[in-house]
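*Asks:* Fold the stuff below for me.
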Amino acid sequence: MYLANNLKFLRKKMGKTQDALSSDIGIGRTTIANYEAGISEPNVETLRSLAKYFGVSLDKLLSKNMENAQEDEDVKSMEKDLMLRGAFPQQQGYSSMPRIITVDSSGNDNIIYVPVKARAGYLLGFGDAEFIETLPTFRLPGLSNATYRMFEVEGPSMAPNVLHGDRVIGEWIESLDKIRDNRVYIVVHKGGVAIKRVVNRLKERGKLYLKSDTVVHRHEFPTIEIDPEDVKEVWYGRMKISSDFSEPAEVYHRLADLEMDVMEMKRMMEGK
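*Replies:* Numbers count the residues shown, from 1 in each chain. The predicted structure follows:
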């Protein structure tokens, strides 16, 4: 029986995450993951719901390996229908889900890593499955029940809070209206990939404003005004990975010296 492979294949063809499929058909995400991993099987009623949702017969869902049947005219027609059903909502504005996701062997969403050298390609290929599959993927404990992506930071625009070479892990934002003021986001727009603090003025002015944290280089990084129709993806900064172990600022050195002096004075007084 090919149920597990077919469910994963059909879901990915439609560009759906397990969360999105769970919401659409009213089945828990963990349950769907178990179906795709072959750990458990749906009952007859659920099978019928899945077959109806994907527009295939029960027989094909259960007994035909759809992923390998690329020359089957019925399967090709079904794939085209699934891709169109997944693509049309994205052409009408900002999508409620990423165009492309990848999953591990258990059906869990991977975290896709976009290094600086891949940014130009990502700007053109964020909706191209073949390009996305060339990017590294991984998983981290504590990051689940959502879709995440990691981007490498380039330049000093967000220093000292986010430094050049840091990696920021972002959570997919389902709607631009959910953007909160002065939080760090990764914004993929027609001009590039920006890791900035965002001010949401969509209701008042129909604009998003991208700000830098840097003070030293402020003149090099002015605030950027973005039209919502130019926004391709938005990821809310959830975590950063940094290899920076810079020494503390001078004030911390002075405080440390003062603390040592106080301790030495107490020791001398106690000795008397």
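*Asks:* how near is residue 267 to residue 261?
*Replies:* 11 Å (C-beta to C-beta, to the nearest Å). Quick note: C-beta positions are derived from backbone N, CA and C, even for glycine.
*Asks:* Repeat that for residue 153.
*Replies:* Distance of residue 153 to residue 261, given as C-beta to C-beta: 39 Å.
*Asks:* quick one: which of the two has more around it?
*Replies:* residue 153 (20 against 10; other C-beta atoms under 10 Å).
*Asks:* Show me what secondary structure element comes after the least confident helix or strand in the chain by mean pLDDT.
*Replies:* The helix or strand of the chain with the lowest confidence, counting by mean pLDDT, DSSP states H and E, is helix 73-91 at a mean of 49. For helix 73-91, the succeeding helix or strand toward the C-terminus, using DSSP states H and E, is strand 111-114.
*Asks:* ok now that following strand, how far from the chain's centre?
*Replies:* Chain-centre distance of strand 111-114: 8 Å, with C-alpha atoms, centre = their mean, to the nearest Å.
*Asks:* what's the following helix or strand after it?
*Replies:* helix 119-125.
*Asks:* buried stuff in the next helix-or-strand element following that following helix?
*Replies:* From helix 119-125 onward toward the C-terminus, using DSSP H and E, the following helix or strand is helix 129-132. Using 16 or more other C-beta atoms under 10 Å as the test for burial, helix 129-132 gives residue 132.
*Asks:* For residue 197, the count of nearby residues, please.
*Replies:* 19.
*Asks:* Same question for residue 23.
*Replies:* Neighbour number of residue 23 under other C-beta under 10 Å is 13.
*Asks:* Mind giving me the packing neighbours of the host helix or strand of it?
*Replies:* Per DSSP H and E, residue 23 falls inside helix 18-25. Applying 3 or more C-beta pairs under 8 Å, 6 or more residues apart in numbering; DSSP states H and E, one finds that helix 18-25 makes contact with helix 29-37, helix 44-54.
*Asks:* Residue 197 pairs with what?
*Replies:* Taking DSSP bridges as the rule, residue 197 bridges to residue 184, residue 211.
*Asks:* how much space is there between residue 246 and residue 159?
*Replies:* In this view, residue 246 and residue 159 are 10 Å apart by C-beta to C-beta.
*Asks:* Counting neighbours, go ahead and name the busier of the two.
*Replies:* For residue 246 versus residue 159, neighbours defined as other C-beta under 10 Å are more numerous around residue 159 (18 against 8).
*Asks:* my guess is the more buried one is in a helix, correct?
*Replies:* No: counting by DSSP: H, G, I helix; E, B strand; the rest coil, residue 159 is not found in a helix; it is coil.
*Asks:* So for it, what pLDDT did the model give?
*Replies:* At residue 159, the model reports a pLDDT of 94.
*Asks:* OK, contacts around it?
*Replies:* 213-214, 216-217 (C-beta atoms under 8 Å, 6 or more residues apart in numbering).
*Asks:* Counting neighbours, what do you get for the residue nearest to residue 103 when sequence neighbours are not counted?
*Replies:* Distance criterion C-beta to C-beta, 6 or more residues apart in numbering; nearest residue to residue 103, sequence neighbours excluded, is residue 109 at 5.8 Å. Burial of residue 109 is recorded as 25 neighbouring residues (other C-beta under 10 Å).
*Asks:* Against residue 14, how distant is residue 109?
*Replies:* 15 Å.
*Asks:* got any ranges where the stretch 101-250 of the chain has weak pLDDT?
*Replies:* 248-250 (pLDDT under 70).
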